[in-house]
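Q: After the sequence you'll find the predicted model.
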Amino acid sequence: MTAALDTERDRSRSRVSSLFPVVWMCHRNLTRFTRLPAILVPLIVMPVFFLVVFTSSFDGITRLDGYPTENLINWVVAFALLQGAMFSGVGTAGTVANDIENGFMDRLLVSPVRRGAIIVAPLTYTAIRALIPLTLVTVLAFAMNADVPGGILGIVLAYTGGIGGALVIGCFGLGVVLRTGDVRAMTIVQMTSFLVIFPSIGQVPIALLDGWMEQVARVNPATNLLRMTRQGYLGDVTWADTWPGLLVIACGIAVFGPWARAELIRRTR
Amino acid sequence: MTAVQSAQRAQSVSRNRPRLLVGLEQAWVLTVRSVFATVRKTDRWAPGLIFPLAMAAVYSSQFARTTGLPGFPEVDSFLQFILPATILQGIAFSASNAGTDMAADIETGFFDRLVVSPVARQSIFVGRVGGSAAAAGFQAGAHMAIFFLLGAPIESGPAGALALILISVVLSVGISGFGLAVALRTGSSEATQAMFPLFFMLVFVSSAFFPTELMKGWYQTAAENNPFSLVVNPTRQLVISGWSWGDLSAAVGYSLLIAVVSLGLAYGAYVQRLKRS
C-alpha cells in the first residue's frame, strides 16, 4: 500500500517536474518581449506589411475570370496569417540558437531537466508568440472589410492553421539550429519557410496558376494548410477542406518534432 | 634596400604624382578589396542573385494571366515585365552589403587603421561605394542573361542591356549611400542590417511588381510617387518597348538624384566620424 502510494506520488512529482521547466522557459522567453521590444517588430510589421501590400499591389488580379472572390483581402488574409505565424516559428528557432551560442543550452543540458521539456518549451512559446501576428492580422483584415461567412468556426480554423504552421516551422527550425548550433543557420529556416509558402495558393488559386507552379502548388503541403486557414473567409467551413490541413500539421510535427529531439540528444552526447 | 629606404622612396614617388591620381588609385584598390570580399563570401552575393530570381519565377507563374488585363502594358510575358523589379531587388540586396561591411570595418577597428594610414579620406568612402556598384553591375548582367535564356529579351537590344547595367550601377550607389549613412552614424552592423527590410518594403510599394494602373486608392498614389517607381518605369520601357534616350536619361537622372541625396547624408556622417576618430 505504502509502496503503491509512493509510486503514485513519484509519478505526480515527475509530471510536475516536467511541467515546471516548460512554464519557466516559456516565461523566460516571454519576458524578452519587454526587455527587447525590437524582437516584436518583425512579428508585427511583416504580417501587416504582407496583408496591406499583397491586397493593394495585386488588387487587379480579382478582375481575372475565375478568381474566387471580388474582395482580394478574403483570399490574401490566410497567406498573411500563415506568414506571420511562420515568422514566430522562425523566431523561436533563433531564440534557441542564441541559447546555444551563449551557453545557456549547455547549462540546461547538465541540469536535471527532461529532454522532452527542452523541446516542448520553445514550441509552447512559439504557439503563444504566434497569437500576436494572428490576432493583429485578423483585426486588421476586419478593418479592411474582410468577410467571414464561415463565422466563429472559420476564425477558429484560421487560428488553428496559423498555430499549426508555426509549430511545424518551429520543430523544423529547432532541428536545424540544434544540428548546426549556429545562429546563421536561421537563414536556412527563413528561406525554407518562404520557399514552402510562396509556390502555393497564397495569392492565386490553382486554376489560375501556369506551368511548373501549378504542379508544385498541387503537391505543396502549404496548399492544404492555406485551404483550411482560408475557408472561413470564403464560405462555409467543410470537413473536406479541414482534414488535409490538420493532416499536414500532424505529419509536420510527427516528422520534425522527433528529429529535433534526436538532434538535442545527439548534442547531449 | 632597407624598409626605411623603401618607405622614403614610396613617399617621394607619391609626392611627385598628382594627389588626385594617388587618391583614385587608392579608391581603386579599396574597391577591388570590397569586390573580392563579396566574391569570397557566398552569403554576400548568393541572396541578391538567387532570391530575386525565385520571386520572379513564382510571380511570373502566378500572374502570367494578368498580362491580358486592360491597363496592363503590352509585354511578351510577365517575366519580361518583372525584369526591372528583379534587378532592383538584387541591387537592394547588394547595396545593403556596402553599409554592413562599413559597419563591420568600424566594429573590427579596420576603419580606424585606414584613417591613421596615409590613405586619402575620400578613397575610403569611394572604395566602399565602388565595390557595391561593381557588384550591382555584375548582378544585373547575370539577371539579364538568365532572363534572356528563359525567353524574356530586352527589346532595346545590347545597347539597352548596357543601359540597364548603367542604371543599376548608379542606383546601387544611391541605395548604398543610405546604408553607409546609417553605418557611419551608428557604427553598428545590426542597425545597418535593419535598413534592408525598409528597402524591401519600398520596392514592393512601387510599380516594380505590378502596374500602378491596376492599383487603387492611397496605395496607387504612394506607388506612383515612390522614387523607385520613377526609376523602374523608364527602365521597364527600355525592356519592353525599345530604345529611347528619354527613358535612359529619366532612369539615370532619378537614380542620380537618389544618389546625390543619400551620398550627401553618408558623407556628412563620414565627416562626423572622422572628426570623432
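A: Now that the structure is in, tell me what you want to look at.

Q: Need the nearest residue in space to the residue of the stretch 151-277 of chain B found nearest chain A, chain neighbours excluded.
A: Proximity of the stretch 151-277 of chain B to chain A (Cβ to the nearest Cβ) peaks at residue B:214, 3.0 Å away. (Glycine included, C-beta is placed from N, CA and C.) Spatial nearest neighbour of residue B:214, excluding adjacent residues (Cβ to Cβ, 6 or more residues apart in numbering or on different chains): residue A:60 at 3.0 Å.

Q: What parts of the stretch 51-200 of chain B come near chain A?
A: With Cβ under 8 Å from any Cβ of the partner chain as the criterion, the stretch 51-200 of chain B meets chain A at residues B:51, B:54-55, B:57-58, B:61-66, B:69, B:71-72, B:197.

Q: Hmm, residue B:273 is touching residue B:186, no?
A: No: under the criterion of Cβ atoms under 8 Å, residue B:273 is not in contact with residue B:186, lying 10.1 Å apart.

Q: Tell me which residue is most central in chain A.
A: Nearest residue to the geometric centre of chain A (Cα atoms, centre = their mean): residue A:166, 0.6 Å.

Q: Of the residues of the stretch 51-200 of chain B next to chain A, grab the buried ones for ChimeraX.
A: What follows is the ChimeraX syntax for the buried subset of those, where burial is set by 16 or more other Cβ atoms under 10 Å in any protein chain shown:
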select /B:51,55,57,58,61,62,63,64,65,66,72
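
Q: out of the residues of the stretch 51-200 of chain B next to chain A, which one sits closest to residue A:220?
A: Of all these, residue A:220 sits closest to residue B:58, with 11.5 Å by Cβ to Cβ.

Q: how about the closest one, what does it touch?
A: Contacts for residue B:58 (Cβ atoms under 8 Å, 6 or more residues apart in numbering or on different chains) come out as A:198, A:199, A:213.

Q: Mind listing what's buried along the helix or strand hosting the last one?
A: In this case it means residue A:213. For residue A:213, the element it lies in under DSSP states H and E is helix A:211-219. The neighbour-count criterion (16+ other Cβ under 10 Å) identifies A:213, A:214, A:216, A:217 as the buried residues of helix A:211-219.

Q: now swap in stretch B:235-251 and tell me
A: Buried residues in stretch B:235-251 (16+ other Cβ under 10 Å): B:235, B:236, B:237, B:238, B:239, B:240, B:241, B:247, B:248, B:250, B:251.

Q: Save these as a markdown table, and put in secondary structure and distance to residue B:162 too.
A: Output for the buried residues of stretch B:235-251, formatted as a markdown table (DSSP: H, G, I helix; E, B strand; the rest coil; distance: Cβ to Cβ, whole Å):
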| residue | secondary structure | distance to residue B:162 |
| --- | --- | --- |
| B:235 | helix | 13 |
| B:236 | helix | 17 |
| B:237 | helix | 16 |
| B:238 | helix | 10 |
| B:239 | helix | 13 |
| B:240 | helix | 17 |
| B:241 | coil | 17 |
| B:247 | helix | 14 |
| B:248 | helix | 10 |
| B:250 | helix | 17 |
| B:251 | helix | 13 |
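
Q: Hmm, residue A:128 and the residue nearest to the centre of chain A touching each other?
A: No: Residue A:166 is not in contact with residue A:128 according to Cβ under 8 Å; the separation is 9.8 Å.

Q: ok, the residue nearest to the centre of chain A - contacts?
A: Contact partners of residue A:166, counting by Cβ under 8 Å, 6+ apart, are A:85, A:86, A:88, A:89, A:126, A:127, A:129, A:130.

Q: Please repeat the previous calculation with a cut-off of 10 Å.
A: A:82, A:84-92, A:123, A:126-131, A:133-134, A:173, A:193, A:249 (Cβ atoms under 10 Å, 6 or more residues apart in numbering or on different chains).

Q: quick one on the thing from earlier: so what sits against both of residue B:273 and residue B:186?
A: Listed as contacting both residue B:273 and residue B:186 by Cβ under 10 Å, 6+ apart are residue B:106.

Q: Just put the contacts of residue B:58 in TSV and tack on pLDDT and distance to chain B.
A: Formatted as TSV, the contacts of residue B:58 follow (pLDDT from 0 to 100; distance: Cβ to the nearest Cβ, whole Å):
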residue	pLDDT	distance to chain B
A:198	88	5
A:199	89	6
A:213	87	3
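
Q: First-to-last residue distance for stretch B:62-78?
A: For stretch B:62-78, the first and last residues are 9 Å from each other (Cα to Cα, to the nearest Å).

Q: Residues of the stretch 51-200 of chain A that sit close to chain B?
A: A:52-61, A:63-67, A:184, A:187, A:191, A:194-195, A:198-200 (Cβ under 10 Å from any Cβ of the partner chain).

Q: What is the neighbour count of residue 196?
A: Just so you know, I chose chain A. 19 (other Cβ atoms under 10 Å in any protein chain shown).

Q: wrong one, I was asking about chain B
A: For residue B:196, using other Cβ under 10 Å, the count is 18.

Q: Return the helix holding residue A:213 as CSV; C-alpha atoms alone will do.
A: C-alpha atoms of helix A:211-219 as CSV (Å, rounded to 0.1, in the frame of the first residue of the first chain):
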residue,chain,number,x,y,z
GLY,A,211,3.3,25.9,-65.8
TRP,A,212,5.5,24.4,-63.1
MET,A,213,3.9,26.4,-60.4
GLU,A,214,0.6,24.6,-60.9
GLN,A,215,2.2,21.2,-60.5
VAL,A,216,4.2,22.4,-57.4
ALA,A,217,1.2,24.0,-55.7
ARG,A,218,-0.8,20.8,-56.1
VAL,A,219,1.7,18.7,-54.1
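
Q: by contact count, what packs against it?
A: Under the contact definition 3 or more Cβ pairs under 10 Å, 6 or more residues apart in numbering or on different chains; DSSP states H and E, helix A:211-219 sits against helix A:221-234, helix B:42-62.

Q: mind listing what residue 102 touches?
A: In the absence of a named chain, chain A is used. Counted by Cβ under 10 Å, 6+ apart, residue A:102 has contacts residue A:183.

Q: wait, chain B
A: Residue B:102 touches B:34, B:110-111, B:124-125, B:127-129, B:131-132, B:176, B:179-184, B:187, B:189, B:192, B:266, B:270, B:273, counting by Cβ under 10 Å, 6+ apart.

Q: go on, residue B:100?
A: With contact set as Cβ under 10 Å, 6+ apart, residue B:100 has these partners: B:44, B:179-180, B:182-183, B:188-193, B:195-196.

Q: Just put those residues in CSV and tack on secondary structure, distance to residue B:218 and pLDDT.
A: Output for the contacts of residue B:100, formatted as CSV (DSSP: H, G, I helix; E, B strand; the rest coil; distance: Cβ to Cβ, whole Å; pLDDT from 0 to 100):
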residue, secondary structure, distance to residue B:218, pLDDT
B:44, helix, 37, 72
B:179, helix, 28, 88
B:180, helix, 32, 89
B:182, helix, 28, 88
B:183, helix, 33, 88
B:188, coil, 34, 78
B:189, helix, 35, 74
B:190, helix, 33, 69
B:191, helix, 30, 75
B:192, helix, 30, 78
B:193, helix, 30, 74
B:195, coil, 24, 73
B:196, helix, 25, 74
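
Q: any idea which of these has the most stuff around it?
A: Going by other Cβ under 10 Å, residue B:183 tops the contacts of residue B:100 with 32 neighbours.
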